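next one to model:
(chains A and B)
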Amino acid sequence: MASTAVIAIGAIIMSNLFLLDTVKVQLDFLWLGMSLLGIAYALIIATGMLGQDITQGIAYLFLPHMQRHAYLLARILGIIAGLLLLLTLMTLVSMLSLAWGLNHSSAAAIHGVTLWAATILGSVALLQSLTVLSIVTFICSWASGPIEMMLFSSAFTGLAYLLPSVMQAMTSHVVMTQIPGWTAALIHAVDYLFPDMTGAQLALSVAHGLPLPPIEISWFLIAQIGYMMTLSAIGFLLFARRDL
Amino acid sequence: MKDVSLRLPAGAITGLLGSNGAGKSTLIKCILGLIQPDSGSSERDDGNRLGYLPELANLPPSVSAWNVVRLGSQLSHAINSHEAAALLSRVCLDEQHWRKPLRQFSKGMRQRVALAYAIAGDPQWLILDEPMSGLDAMGRKQFLDILLDLNRQGVGMLVCSHIVPDLVRLCERVLLIHQGKIVEHIDILEHSMAEAETLENRLMQIACYSHE
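This is a model prediction of the structure:
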């Protein structure tokens, strides 16, 4: 809770270091804070809880009374409830921070940004965090210890962020025409293994008051929800079969 | 585990004896479905309620004994809150400790809370993995008395331990397990109380022999 206030106040301070586009800077900072907060929650809290449950025998308290999938689902829903609470609070605090910014900026610096921008950023951050949570669910369903779970989940998430720029270069027309067909197919397959983390592109449009193309939003939603459902389903299947 | 086949008679206390790494906990986890065997299966009669006391009963340290047992009763729907309170008395936990967080509890007290949780579902079967390890002599005696009392009320048990005297006092038969195989069935009831010490020595010899 304290971190949400720190981020909101930090956004005001940072934006006031600039003379122009103060609202854009403020929204960029708020987006960074929301995004990092949601991902850190999903990575640290979820990995910690699931890791403890599995390796320290806390799961043994529940499993004689319920099916494994029910137990894992309840755990994940509990973590999502916490995440929702955190990001809702962050969004409300961001709206307050943004309201202050809008009141203290010139019309030229506002660029058509409204208070709803904070809500859209909060929703995108929530989707990204849920995607990271699906990665954590998948990793924790087979990894054996908390350190392994944290390491693999962080590496997977890190790759999801870093890989698009590399893949963009590797899948360029120049490269594709010079490599065998099976290599090209392999490169594309690797690309599909990682989630679409282009939420930052949408966030950039929001921060700059640009219109959001419905097709881009729809594709982002479908890709994000489809990926998290698929990865979570694999995680649940693996968890049902793993040794505890 | 290899070629393990056993049937646990209802209402009886069966012991699993073996050295460290013999496969006792693995067998228990296979029975509970916590480990998936490569082949084979474990079956229990329909409607049989099961309670489990794991060796590492890591109860959440910030939670009170009262809330742990209430959670157990809510999960199993077998008993109500009043009966949950009675459970804590049954495992000899003073009422003054019921609302304290478990981090303030000794190992023996935590073990009693874990047992109360295991029996909160009003089980017909209790599976206990090293239930008395780490307890002092008084704690072990109290724990044994609680288990025997439960058994008199019809609760069957599978008790895994490497403490021979505890198994001799508690069990009707003991299965000796070595390198993942059940190597001997010993019927304790066939021996009179006078022979208990002899039997204990025999079990010790087998355990030592198996260990070598």
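
show me which residues of chain B sit near chain A.
Within reach of chain A by CB under 8 Å from any CB of the partner chain, chain B has these residues: B:29, B:32-36, B:50-52, B:54-60, B:71-72, B:75-76, B:117, B:121. Every C-beta, even on glycine, is put in place using the N, C-alpha and C of the backbone.

let's see that with 10 Å instead.
Residues of chain B lying near chain A by CB under 10 Å from any CB of the partner chain: B:26, B:29-30, B:32-37, B:49-60, B:68, B:71-72, B:74-78, B:114, B:117-118, B:120-121, B:123, B:127, B:129.

partners of the residue most central in space within chain B in the sheet?
Geometric centre of chain B, nearest residue: B:Leu128, 1.9 Å, by CA atoms, centre = their mean. On the basis of DSSP bridges, B:Leu128 is bridged to B:Leu53, B:Val159.

tell me the contacts of A:Leu50?
A:58-59, A:72, A:75-76, A:79, A:136-137, A:139-141, A:143, A:146, A:149, A:153, A:235, A:239 (CB atoms under 10 Å, 6 or more residues apart in numbering or on different chains).

please repeat the previous calculation with a cut-off of 8 Å.
Each residue near A:Leu50 by CB atoms under 8 Å, 6 or more residues apart in numbering or on different chains is listed here: A:Arg75, A:Val136, A:Thr137, A:Cys140, A:Met149.

which residues of chain A lie near chain B?
Residues of chain A found near chain B (CB under 8 Å from any CB) are A:56-58, A:60-66, A:241-244.

burial measure for B:Leu50, as a count.
Residues near B:Leu50, counting by other CB atoms under 10 Å in any protein chain shown, number 18.

that one is in contact with B:Leu32, isn't it?
Yes - with contacts counted by CB atoms under 8 Å, B:Leu50 reaches B:Leu32, the gap being 7.4 Å.

shared neighbours of those two, anything?
A:Pro64, B:Ile127.

now do the buried residues in stretch A:41-56.
Applying a neighbour-count criterion of 16 or more other CB atoms under 10 Å in any protein chain shown, one finds A:Tyr41, A:Ala42, A:Leu43, A:Ile45, A:Ala46, A:Thr47, A:Met49, A:Leu50, A:Gly51, A:Asp53, A:Ile54, A:Thr55 buried in stretch A:41-56.

where in chain A is pLDDT low?
Within chain A, the stretches with pLDDT under 70 are A:19-21, A:108-109, A:198-200.

find the centremost residue of it, please.
The residue lying closest to the centre of chain A (CA atoms, centre = their mean) is A:Gln128, at 2.3 Å.

show me what the helix or strand hosting B:Gly108 packs onto, helices and strands only.
Taking DSSP states H and E as the definition, B:Gly108 sits inside helix B:107-119. Packing partners of helix B:107-119 (3 or more CB pairs under 8 Å, 6 or more residues apart in numbering or on different chains; DSSP states H and E): strand B:50-53, helix B:65-76, helix B:81-90, strand B:125-129, helix B:137-152.

quick one: the residue nearest to the centre of chain B and B:Pro165, what's the gap?
Noted for B:Leu128: a distance of 16 Å to B:Pro165, by CB to CB, to the nearest Å.

likewise for A:Trp116?
For A:Trp116, the distance to B:Pro165 - CB to CB - is 72 Å.

what's around residue 162, how many residues?
All of this refers to chain A. Applying other CB under 10 Å, I find that A:Leu162 has 12 neighbouring residues.

other chain: chain B
B:His162: 17 surrounding residues under other CB under 10 Å.

wait, what's in contact with it?
B:Leu17, B:Gly18, B:Ser19, B:Asn20, B:Lys24, B:Glu130, B:Ala207.

out of those, who's the most crowded?
B:Leu17 (28 neighbours).

wouldn't that one be in contact with B:Leu176 here?
Yes - B:Leu17 is within contact range of B:Leu176, at 5.2 Å (criterion: CB under 8 Å).

how is the closest residue in space to A:Ile110 that isn't next to it in sequence assigned, secondary-structure-wise?
Using CB to CB, 6 or more residues apart in numbering or on different chains and skipping residues adjacent in sequence, the residue nearest A:Ile110 is A:Val23, 5.3 Å away. With DSSP: H, G, I helix; E, B strand; the rest coil as the basis, A:Val23 sits in helix.

equivalent analysis for A:Ser123, please.
Going by three-state DSSP: A:Ser123 is helix.

how many other residues sit next to it?
Neighbours of A:Ser123 under the rule other CB under 10 Å: 16.

give me the nearest residue to A:Gly112, chain neighbours excluded.
Here the residue nearest A:Gly112, using CB to CB, 6+ apart, is A:Gly209, at 3.9 Å.

quick one: contacts for that neighbour?
Contacts of A:Gly209 by CB under 8 Å, 6+ apart are A:Ile110, A:His111, A:Gly112, A:Val113, A:Ala117.
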